[in-house]
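*Asks:* Following is a predicted model, sequence given first.
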Amino acid sequence: MNEGNKGENIVLIGFMGCGKTSVTKELAKRLNLNFIDMDEKIEKAEGKTVSEIFRDHGEAYFRELETTYLKSLKDQKNKIISTGGGVILREENIEMLKKIGVVVFLQADVAHILKNIKDDHKRPLLQEEQDLEGKISSMLEIREPLYLSTANVIIQTSGKPIKSIVDEILAIL
Ligand SMILES: Nc1ncnc2c1ncn2[C@@H]1O[C@H](COP(=O)(O)OP(=O)(O)OP(=O)(O)O)[C@@H](O)[C@H]1O
Ligand SMILES: O=C(O)C1=C[C@@H](O)[C@@H](O)[C@H](O)C1
Ligand SMILES: [Mg+2]
């Protein structure tokens, strides 16, 4: 893998519903490596879903858990790591992500994101949103520059099947 050693992990970042978890699992299968899904690990450690953590303790508490969990990944090697969509909101997280592995940004447009999340109510920041499309657009406006400046590799995912996205990542790395 290029990009120096960087723990030889692959770290996937991107907006909610861009496909991080699905691509991570497929990449891990193809490379015969283990994967880590940060949201799933935090849920397991807390014994609650992400939505329940937001409901019971608020977003700030979840962000602390996210940073603490990220710190615990510093000695990981040869893993495919899927992050939460908001992991790039903290500068200290960005610095850690860059050290942990090669960072791949799955860049999706609003239509692709909307299609992937519309029947799924597990994302607290989008729950009970009347104008889902408008909300995604305004969040993307703030987050896109952060994803872009964190990433070593950018992959367009809109309209592509998971397998093609994985093929593209493997061709680049
Ligand atoms: N390229 C794609 N083509 C078709 N379906 C997709 C694609 N990417 C994701 N999906 C579907 O969209 C849904 C959300 O995908 P996934 O959970 O992988 O996203 P995520 O980026 O991990 O989201 P979150 O940040 O909320 O964890 C899943 O049902 C998945 O099967
Ligand atoms: O984009 C976000 O801020 C989030 C995305 C999810 O992966 C979860 O980490 C949580 O719902 C917050
Ligand atoms: Mg996910």
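*Replies:* In hand now; what should we look at? Ligands and ions are numbered 1, 2, ... in the order given.
*Asks:* rest of the way, CA atoms for contacts and neighbours
*Replies:* Will do.
*Asks:* elements contacting the longest strand seen in the chain?
*Replies:* For the chain, the strand with the greatest residue count under DSSP state E is strand 101-107. Secondary-structure packing of strand 101-107 (3 or more Cα pairs under 8 Å, 6 or more residues apart in numbering; DSSP states H and E): strand 9-13, helix 132-150, strand 153-156.
*Asks:* who's in contact with Ile88?
*Replies:* Neighbouring residues of Ile88 by Cα atoms under 8 Å, 6 or more residues apart in numbering: 94, 143, 146-147, 150.
*Asks:* now those as a markdown table including neighbour count, distance to Lys122 and pLDDT?
*Replies:* Shown next, in a markdown table, are the contacts of Ile88 (neighbours: other Cα atoms under 10 Å; distance: Cα to Cα, whole Å; pLDDT from 0 to 100):
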| residue | neighbour count | distance to Lys122 | pLDDT |
| --- | --- | --- | --- |
| Ile94 | 19 | 25 | 98 |
| Arg143 | 18 | 20 | 98 |
| Leu146 | 19 | 23 | 98 |
| Tyr147 | 26 | 22 | 98 |
| Thr150 | 21 | 26 | 97 |
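*Asks:* Closest to ligand 2 out of these?
*Replies:* Of all the contacts of Ile88, ligand 2 sits closest to Arg143, with 9.1 Å by Cα to the nearest ligand atom.
*Asks:* And Ile117, what's its pLDDT?
*Replies:* Looking at Ile117, its pLDDT stands at 90.
*Asks:* Kindly report the same for Gln127.
*Replies:* 80.
*Asks:* That one and His121 touch, don't they?
*Replies:* Yes - Gln127 sits in contact with His121 when judged by Cα atoms under 8 Å, with a separation of 6.3 Å.
*Asks:* So which residues make contact with the longest strand of the chain?
*Replies:* For strand 101-107, the external contacting residues (Cα under 8 Å, 6+ apart) are 3, 5-15, 18-20, 97, 147-148, 150-158.
*Asks:* Restricting to C-alpha, output the following helix or strand past that strand in PDB.
*Replies:* Moving toward the C-terminus from strand 101-107, the next helix or strand (DSSP states H and E) is helix 110-117. This file holds the C-alpha atoms of helix 110-117, laid out as PDB (Å, rounded to 0.1, in the frame of the first residue of the first chain):
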ATOM      1  CA  VAL A 110     -27.500  14.500  -2.200                       C
ATOM      2  CA  ALA A 111     -29.700  12.200  -4.300                       C
ATOM      3  CA  HIS A 112     -27.500   9.100  -3.600                       C
ATOM      4  CA  ILE A 113     -27.500   9.900   0.100                       C
ATOM      5  CA  LEU A 114     -31.200  10.500   0.200                       C
ATOM      6  CA  LYS A 115     -31.900   7.200  -1.600                       C
ATOM      7  CA  ASN A 116     -29.700   5.300   0.900                       C
ATOM      8  CA  ILE A 117     -31.200   6.700   4.100                       C
END
